[in-house]
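Engineer: the sequence and its predicted three-dimensional model are supplied below.
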Amino acid sequence: MKIAILSNGPGNYSTKRLKQVAIERGHEVDVIKYRDCYASIEKSQPMVWYKGEPLVGYDAVIPRIASYMTRYGASIVRQFEMQGVYTLTSSISIVRSRDKLRSMQLLARAGVGIPKTIVSRGVTDVDNLIETLGGPPVIIKLARGTHGNGVVLAETKKAAKSVLQAFYVMDQDGTNILLQEFVKESAGEDIRAFVVGGKVVASMKRQSLDDDFRSNLHLGGTGEKIKLTEEERKTAIKAARSMGLNLAGVDMMRSERGPLILEVNSSPGFGIEEVSGRDVTTPIIEYIERNAKRRNKKDKVGA
């Protein structure tokens, strides 16, 4: 097959691993910086261009879309979809998972456990908002933050009001701001489950190095191999499915009422390979092989 990896970081570990394994399995691979792509849109001729050349003949696309380029990256993925190319991660699932409010709504509808969450555009009723969450401390986050950025722990009502006011001043584009309950028993610790094609292929526990309540590896947290409970495994799979993601990094925390989903990442890093000792790349390429070939075969029959 001919595979395109949409990545602005050809030197990234995940991109290099995907390319390496795909080539080892006999595929032709191009790494394409999607920020430099452009789409031409006309009747019956959807086309993606790169460096002055049309991108044609691909059997599959692997999107590795950065959070800060979600809209543009998703539009390029969508253009490949318009061409009938198989995409590992659909454009709509990328957009869903990157919007924290939308993803929480979808998770709740699917019956997946999540921290109690409130969205509000005002600061005049902060006392009632916080009491609805069970009182301080509460977590306040920007709906489009990532890697732990745009997330603050407010330990008092006064602090919460100050943080909300500051976020609203910065929030000129209408980004939603969420308030969530603080789950004390899981502070500074969470679990990442790596899901491929409806199966958990690796998992790890992440722990902050200091008193930070955020455990993201990007913020200096540490990771260790962990075995999920059956409930945690099923919850991770259900969370990925609710977003429509074939590939997902599902972040959850352990609580007294069971696993609670924090975030579903549509472009998870592959650092979990080193921590868990599990190969997560080969299952991805195998999944693409099965599904892209099935899709292409079906298209030929339909023709």
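Structural biologist: That came in fine, so what should we check first? Numbering: from 1, shown residues only.
Engineer: buried ones in stretch 81-90, by neighbour count?
Structural biologist: For stretch 81-90, the neighbour count (16 or more other CB atoms under 10 Å) marks 81, 85-90 as buried. Where you see a C-beta, it was placed from the backbone N, CA and C, and this is true even at glycine.
Engineer: ok, which pair from these is furthest apart?
Structural biologist: Spatially, the most separated pair among the buried residues of stretch 81-90 is V85 and T89, at 12.5 Å (CB to CB).
Engineer: starting at the chain centroid, how far to stretch 233-249?
Structural biologist: In terms of CA atoms, centre = their mean, to the nearest Å, the centre of stretch 233-249 is set 10 Å apart from its chain centre.
Engineer: then stretch 275-290?
Structural biologist: The mean C-alpha position of stretch 275-290 is separated from the chain mean by 17 Å, CA atoms, centre = their mean.
Engineer: tell me where the stretch 51-200 of the chain has strands.
Structural biologist: Taking DSSP state E, counting those that start in this stretch, the strands of the stretch 51-200 of the chain run over residues 53-54, 60-63, 86-87, 117-119, 138-142, 151-154, 177-181, 189-196, 199-207.
Engineer: ok, the first one: who's next to it in the sheet?
Structural biologist: Using DSSP bridges, strand 53-54 pairs in its sheet with strand 47-50 (antiparallel).
Engineer: how about residues contacting the strand it pairs with?
Structural biologist: Applying CB atoms under 8 Å, 6 or more residues apart in numbering, the external contacts of strand 47-50 come out as 32-33, 36-40, 54-56, 76, 79-80, 83.
Engineer: restricted to buried residues, select those residues in ChimeraX.
Structural biologist: Burial among these is assessed by 16+ other CB under 10 Å; the matching ChimeraX selection reads:
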select :32,37,39,55,76,79,80
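Engineer: next, format the strands of the stretch 51-200 of the chain as TSV and append distance to I226 and mean pLDDT.
Structural biologist: Listed next are the strands of the stretch 51-200 of the chain as TSV, based on distance: least, CB to CB, whole Å; pLDDT from 0 to 100:
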stretch	distance to I226	mean pLDDT
strand 53-54	45	96
strand 60-63	27	98
strand 86-87	31	98
strand 117-119	25	88
strand 138-142	23	85
strand 151-154	23	86
strand 177-181	23	86
strand 189-196	6	95
strand 199-207	4	94
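Engineer: wait, which of the ones you listed is closest to T132?
Structural biologist: Among the strands of the stretch 51-200 of the chain, if distance is taken as CB to CB, the winner is strand 117-119, at 6.2 Å.
Engineer: now do the contacts for V183.
Structural biologist: Counted by CB under 8 Å, 6+ apart, V183 has contacts 115, 253, 255, 260.
Engineer: which ones among those residues lie within strands?
Structural biologist: Secondary structure from DSSP state E places 253, 255, 260 of the contacts of V183 in strands.
Engineer: of the residues you listed - the most surrounded one?
Structural biologist: Within those, most neighbours by other CB atoms under 10 Å means L260, with 22 neighbours.
Engineer: ok, it to L179 distance?
Structural biologist: 15 Å (CB to CB, to the nearest Å).
Engineer: with distance to K161 as extra columns, can I get the strands of the stretch 51-200 of the chain in CSV?
Structural biologist: Below are the strands of the stretch 51-200 of the chain laid out as CSV (distance: least, CB to CB, whole Å):
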stretch, distance to K161
strand 53-54, 53
strand 60-63, 39
strand 86-87, 43
strand 117-119, 14
strand 138-142, 10
strand 151-154, 8
strand 177-181, 11
strand 189-196, 27
strand 199-207, 30
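Engineer: so which of those is nearest R241?
Structural biologist: Closest of the strands of the stretch 51-200 of the chain to R241 is strand 189-196, at 8.7 Å (criterion: CB to CB).
Engineer: strand 199-207 and that closest one, what's the angle between them?
Structural biologist: 160 degrees (axes from the mean of the first three to the mean of the last three CA atoms, to 10 degrees).
Engineer: need the contact list for A202.
Structural biologist: Counting by CB under 8 Å, 6+ apart, A202 touches 193-194, 272-273, 276, 278, 280.
Engineer: just say helix, strand or coil for R278.
Structural biologist: coil (DSSP: H, G, I helix; E, B strand; the rest coil).
Engineer: ok, G113 touching K234?
Structural biologist: No. Using CB atoms under 8 Å, G113 makes no contact with K234, being 10.9 Å away.
Engineer: of these two, who's got more company?
Structural biologist: Counting neighbours by other CB under 10 Å for G113 and for K234 shows that G113 has the greater number, 18 against 14.
Engineer: so for the closest residue in space to the more buried one that isn't next to it in sequence, what's the pLDDT?
Structural biologist: Distances taken as CB to CB, 6 or more residues apart in numbering place L260 nearest to G113, at 4.8 Å, with adjacent residues excluded. In the predicted model, L260 carries a pLDDT score of 96.
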